[in-house]
Each structure stands twice: as structure tokens, then as C-alpha cells.
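Undergrad: coordinates for the following, if possible.
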Amino acid sequence: MAKVLDPLNSTEARGRVGGLVYNTWRGIRTVKTQTAPDHEDDPKRQAHKAIVQAAGIRWRTISDRQRADWNAFANAHPDIDWTGSPRRIAGYHWYVRIQTRLQDIGVDYVDDPPTTPANGDLIDVSAIQYGLHVRLTWIDIHPLPLEDWFVDLWSTAPLSAGRNPSIHDATRKAIDTGDSGTSQFNTSGPGIYTIFFRLIRINGMVAPWNSLRVEVV
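TA: Model prediction:
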């Protein structure tokens with residue numbers, strides 16, 4: 001990144017021109033070479049992008065009534081973001097989000113919006129370490145049929161004790177059926193790991209994120 005004066009013969013420039021990206025940060029005019037993200041070729045990322053693109057194409061094939069139902073659903077159901085805060089998103093984005101979750105758990109497309117939510121803290125998860133493995137165990141503490149839900153498990157890399165990670169620091173480790181009761185994954189070495197988990201209903205609705213920490217020694 002370099003500081004510049006009068007970028008593009010102007011007092012200020014923002015955006016990309018060719019392979020250069022212009023910006024102004026705290027009053028400082030800068031330019032840098034655009035670089036592609038180093039994870040673009042990750043197979044999981046490519047698979048996720050393909051699912052999102054397919055859902056967007058399918059949205060254009062559903063009926064006007066179904067699109068209206070999704071818009072009404074969006075107005076009545078603010079989405080819960082990774083911080084736990086509600087925010088409104090469009091019917092189209094709700095549709096793509098639900099279809100992506102359904103594909104993750106191996107369920108086919110559903111072109112009508114859900115009618116039942118995934119309620120709050122529906123599972124109780126504990127973690128134990130043996131060797132460089134972490135085993136997670138959960139207990140059914142809700143009235144839903146076991147075949148009606150899945151457990152979505154994510155973990156961070158080992159972080160320092162003072163770090164308070166978010167789901168953005170984690171990667172998915174497994175999606176397991178609710179009745180399996182246990183899941184395990186290999187760690188990358190000693191350290192403190194934060195495990196994030198949530199319930200995904202078979203209709204694509206999700207419960208809020210919960211987390212726990214486990215130390216691998």
C-alpha cells in the first residue's frame with residue numbers, strides 16, 4: 001500500500017481501476033495492488049458457492065405466490081446474526097439461506113418458507129480431550145423428535161487464553177444427526193479451543209450459537 005497525492009488527477013479516489021484499488025483511510029489517500037483471496041480454491045468454499053448460486057437460480061423458477069410468501073416470512077422473521085442480534089433480510093436472501101442449510105444437512109430444496117422455528121437452547125453439549133482428539137457429547141433436552149434436527153459443530157484453531165473468539169474464527173468440523181449423541185475431531189496440537197454449536201431443524205431454521213472451551217494439553 002502506498003500513499004498518493006491527487007489520485008487519478010482528483011482530490012480523492014475510491015474503488016478499483018485495473019489491478020489497483022484506491023481508498024481513503026482516516027484522511028490518508030492510498031493505492032494498493034488488488035490481490036485475490038488465498039482461499040478461493042478451497043474445495044469447501046467452492047462447494048458452498050455452488051450451492052448458493054444454484055439456490056439463486058432456483059429462486060427465479062418458483063411462483064410469484066411463493067416469492068410473496070418468502071417476502072412475508074422475511075418481514076415477520078428477522079434473522080439472527082453471528083453476534084446474536086436480529087436483523088432484517090429480504091425474502092430472496094432468506095430463501096437462499098434456508099436452501100443452503102438444507103443442502104448442508106442433505107435435505108432437498110423446499111420452495112415454501114418454514115412454518116416452525118428452531119427454538120433456543122435445545123441441546124446440552126460437553127467436550128472431553130483424549131490425546132490430540134476432542135470428543136463432543138450432547139444430550140437431548142427438548143421435545144422435538146430426534147430425526148427432526150441436526151447438530152452443527154465448529155471449532156477454532158488453538159488461541160491464547162485471553163482471546164475471545166467468535167464464530168468467524170472457527171471452521172466447521174461436522175454436521176451430525178441429533179440422535180447420534182457424539183462427534184469427534186482431530187486438533188492441530190495443544191492449546192485452548194473454542195467449540196461453537198447450534199441446532200439446525202430439518203426445515204432449515206437454526207437455533208442461536210452456543211459455545212464452550214476445551215484445553216488440549
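
Undergrad: show me what the top helix by length along the chain is packed up against.
TA: Longest helix in the chain by number of residues (criterion: DSSP state H): helix 43-59. Applying 3 or more C-beta pairs under 8 Å, 6 or more residues apart in numbering; DSSP states H and E, one finds that helix 43-59 contacts helix 91-104. Using the backbone N, CA and C atoms, a C-beta is placed for each residue, glycine as well.

Undergrad: in the helix it packs on, what's buried?
TA: Neighbour-count burial for helix 91-104, counted by 16 or more other C-beta atoms under 10 Å, picks out 91-92, 94-99, 101-104.

Undergrad: quick one, domains of this structure?
TA: 2-33, 43-104, 123-216 (automatic domain parsing).

Undergrad: give the rounded mean pLDDT of stretch 42-49.
TA: Mean pLDDT, computed over stretch 42-49, is 81.

Undergrad: which of the domains of the chain sits most buried?
TA: Greatest average neighbour count among those goes to domain 123-216 (a mean of 16), per mean count of other C-beta atoms under 10 Å.

Undergrad: for this structure, name the helix or strand with the lowest mean pLDDT.
TA: For the chain, the helix or strand with the lowest mean confidence is strand 2-3, at a mean of 60 (criterion: mean pLDDT, DSSP states H and E).

Undergrad: can you list the weak-confidence ranges in this protein?
TA: 1-16, 18-19, 25-27, 34-41, 82, 118-123, 140-147, 161 (pLDDT under 70).

Undergrad: quick one, strands of it?
TA: 2-3, 15-17, 20-25, 28-33, 79-80, 86-87, 123-130, 133-140, 149-156, 170-177, 182-186, 191-201, 210-216 (DSSP state E).

Undergrad: kindly reformat those as TSV containing distance to A47.
TA: Shown next, in TSV, are the strands of the chain (distance: least, C-beta to C-beta, whole Å):
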stretch	distance to A47
strand 2-3	37
strand 15-17	27
strand 20-25	28
strand 28-33	29
strand 79-80	22
strand 86-87	26
strand 123-130	26
strand 133-140	24
strand 149-156	16
strand 170-177	12
strand 182-186	19
strand 191-201	17
strand 210-216	25
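
Undergrad: mind checking these for the one nearest to P117?
TA: strand 191-201 (7.8 Å; C-beta to C-beta).
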